[in-house]
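1. Quick check, what structure comes out for this input:
(one chain, ligands or ions: 2)
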Amino acid sequence: LLAPAVPQDLAGVRVVVSAGPTREYLDPVRFISNPSSGKMGFAVAQEAQSRGAEVTLVTGPVTLPDPAGVRVVRIETALEMKAAVDEAAQTAGIVVMTAAIADYRAATPASEKQAKVAGDVSIHLTPNPDILAGLGAEQPHHPERVLVGFAMETHAGVERAALKAQRKNADFILLNYPTREGTAFGGDDNQVTLVRPDATFEDWPRISKREVARKLLDEAVSIRRSKSF
Ligand code: CTP
Ligand code: CA
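-> Ligands and ions are numbered 1, 2, ... in the order given. Okay, the predicted model is just below:
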């Protein structure tokens, strides 16, 4: 028996997906990071590949295997992620930023392992570049490119996500809340709200990350069509 045909509505479209955490090294053996599993981004990459896209997946350290048919670029730091995403995004039709990029890195990482000292220590952190905002600023040169972000908020989610979409010039942001059980970090399901820059929004039910990926790409395809008129 043949599996039902998947619509090839992304045939010929380059899709760039970022996934996972970044690691910001303090010294050669210590880093700042977060528990992002990468599952959401890998699901988007697989879904896009199955619909005919040429997919580049830029991922921080996660335990997931390379999805079949996807070009996978494994990086560690936010600066490495920015270099890889920026390069792939030049020719992309859709960019989906699911990565949990560390907002800061050590201003002067030590080149040798630091021994402990008596008493408190403080670490001087400096902001990482905002990869999505950087792409957003280049959108006038990419009239048909669709930019999608993710955000987790503990309060005032829709307002904050709409402001982020405006500031970063993203077409929409999928918002979730850390309190939604079984979702977000590490889970197989996700419950998100689609938020547009004009603060209109759609609550999606709790569904698998693959199903979120499907709906996300449906929305991106429809925005691409509207941009190409
Ligand atoms: N993002 C990015 N580069 C960064 C930080 C975030 O591209 N340095 C992207 C994320 O991948 C995500 C979106 O921006 O798609 C929103 O991330 P979030 O952390 O919510 O945004 P911030 O601007 O960092 O806001 P906050 O101060 O709430 O952390
Ligand atoms: Ca952040």
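
2. Check which residues of stretch 53-67 are buried.
-> Going by neighbour count (16 or more other Cβ atoms under 10 Å), the buried part of stretch 53-67 is 53-60, 62, 64, 67. C-beta: built from backbone N, CA, C; applies to glycine.

3. surely residue 215 meets residue 204?
-> Yes. Counting by Cβ atoms under 8 Å, residue 215 touches residue 204, with 6.4 Å between them.

4. what's the average pLDDT for stretch 73-91?
-> For stretch 73-91, mean pLDDT rounds to 98.

5. Identify each buried residue in it, please.
-> 73, 75-78, 80-82, 84-86, 88-89.

6. Taking those together, which two end up most distant?
-> Within these, 76 and 89 form the most distant pair, 19.3 Å apart (Cβ to Cβ).

7. what's the lowest-mean-pLDDT helix or strand in the chain packed up against?
-> Ranked by mean pLDDT, DSSP states H and E, the helix or strand of the chain with the weakest confidence is strand 189-190, at a mean of 94. Helices and strands touching strand 189-190, as assessed by 3 or more Cβ pairs under 8 Å, 6 or more residues apart in numbering; DSSP states H and E, comprise strand 207-208, helix 209-227.

8. Next SSE downstream of it?
-> Remark: after strand 189-190, the chain's next helix or strand is strand 193-195, criterion DSSP states H and E.

9. Paired strands for that next one, with orientation please.
-> Each strand paired with strand 193-195, and its direction, by DSSP bridges: strand 172-176 (antiparallel), strand 201-203 (antiparallel).

10. just so I know, which of these lies nearest ligand 1?
-> Each of the strands paired with strand 193-195 has some distance to ligand 1 by Cβ to the nearest ligand atom; the shortest is strand 172-176, at 6.7 Å.

11. relative orientation of that closest one and helix 209-227 in degrees?
-> Strand 172-176 and helix 209-227 are oriented at 160 degrees to each other (axes from the mean of the first three to the mean of the last three Cα atoms, to 10 degrees).

12. Brilliant, that's me finished.
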